[in-house]
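Enquirer: build the 3D model from these lines:
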Amino acid sequence: MDRLKEDSSISLKDQVKKIIRDEIIINKLKPGERIVETEVAKRLGISQVPVREALRGLEEEGLIRTVKYKGAFVTEINKTEMYHIFSLRASIETDAIEIVTPNLTNQKLGVLYDIVEQMKNEKPDYLLQAKLDMEFHRTIIAWAEIATFDRIWSMLNSHIQRYITILNPEIRILPEEVHTYHLELVEVLKQKDIQKSKEVFRQHIMKMVL
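Expert: Model (predicted):
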């Protein structure tokens, strides 16, 4: 099976869902494109059942839509919806910063510095940059230890990552700029000024949709 593991602890449905989700995120499956169950099943060497289940899950995530008698299609990117997704993300993240900052140690700052260091890349790799971007911000949210933040972030993650991946080539954000932006965020956190950190992070997040 192509990229599927029969002995994996992850269900076949979830493996298929991840493959399709990643293809949507990197724009291999483009907005408006039809996803044919039989073709996916044939490509992966599996039955249509896990593919159908995976598509149902992706529809719940808002990455595909099903049209009666026509099939499943990749959803379009709606700028208004993306604004509200990023606004919700900013609210969650700044709330997390308020919780995390008083207990921010050099060890935790080191974790963020390590992620930022990986952002250095001579060749544009927008998928990698999007994943590292998400890892950076998700790490801060995880430190807050608020389960609701984690659940909402998981729901937003694919949409944000997809938007960033597709948008990056358009606005020509260079790899070194991505590295610089996030290095500046760590330096702000290091000052342990909660209000300043919240303001800088909100501006960083919302500039992608303003």
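Enquirer: contacting residues for the residue lying closest to residue 47 once chain neighbours are set aside?
Expert: Nearest non-adjacent residue to residue 47, counting by Cβ to Cβ, 6 or more residues apart in numbering: residue 41, 6.1 Å away. Where C-beta positions appear, they are placed from N, C-alpha and C, glycine not excepted. Residue 41 makes contact with 47-48, 51, according to Cβ atoms under 8 Å, 6 or more residues apart in numbering.
Enquirer: so what touches stretch 129-142?
Expert: Residues contacting stretch 129-142 (Cβ under 8 Å, 6+ apart): 25, 89, 92-93, 96-97, 100, 111-112, 115-116, 118-119, 121, 149-150, 153, 157, 160-161, 164-165, 168, 175, 178, 182, 185.
Enquirer: mind giving me the PyMOL command for buried ones among the residues you listed?
Expert: In PyMOL syntax, the buried subset of the contacts of stretch 129-142 is picked out as below (16 or more other Cβ atoms under 10 Å):
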select buried, resi 25+89+92+93+96+97+100+111+112+115+116+119+149+150+153+157+160+161+164+165+168+175+178+182+185
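Enquirer: and the helices in this protein, which stretches?
Expert: Shown for the chain, the helices assigned by DSSP state H span residues 12-25, 37-44, 48-61, 79-100, 106-118, 126-144, 147-171, 175-190, 194-206.
Enquirer: rank those helices by pLDDT, which is bottom?
Expert: Ranked by mean pLDDT, the helices of the chain end with helix 147-171 at the bottom, a mean of 82.
Enquirer: what's that one in contact with?
Expert: 21, 24-27, 61-63, 77, 82, 85-86, 88-89, 92, 95-96, 124, 126-127, 129-131, 133-134, 138, 141-142, 208.
Enquirer: that helix to helix 12-25, inter-axis angle?
Expert: 40 degrees (axes from the mean of the first three to the mean of the last three Cα atoms, to 10 degrees).
Enquirer: tilt between helix 147-171 and helix 48-61?
Expert: Using the same axes, to 10 degrees: helix 147-171 against helix 48-61 is 90 degrees.
Enquirer: centre of the chain versus helix 147-171, how much separation?
Expert: 3 Å (Cα atoms, centre = their mean, to the nearest Å).
Enquirer: follow-up on the earlier one: dump the contacts of residue 41 into JSON lines; add neighbour count and distance to residue 193 as well.
Expert: Converted to JSON lines, the contacts of residue 41 look like this (neighbours: other Cβ atoms under 10 Å; distance: Cβ to Cβ, whole Å):
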{"residue": "47", "neighbour count": "11", "distance to residue 193": "56"}
{"residue": "48", "neighbour count": "14", "distance to residue 193": "55"}
{"residue": "51", "neighbour count": "27", "distance to residue 193": "50"}
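Enquirer: let's have those residues in a markdown table, adding distance to residue 33.
Expert: Listed next are the contacts of residue 41 as a markdown table, based on distance: Cβ to Cβ, whole Å:
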| residue | distance to residue 33 |
| --- | --- |
| 47 | 23 |
| 48 | 19 |
| 51 | 16 |
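Enquirer: pick the one among those closest to residue 32.
Expert: Residue 32 lies nearest to residue 51 out of these, by Cβ to Cβ, at 19.6 Å.
Enquirer: shouldn't that closest one be in contact with residue 37?
Expert: Yes. Assessed by Cβ atoms under 8 Å, residue 51 is found in contact with residue 37 at 5.0 Å.
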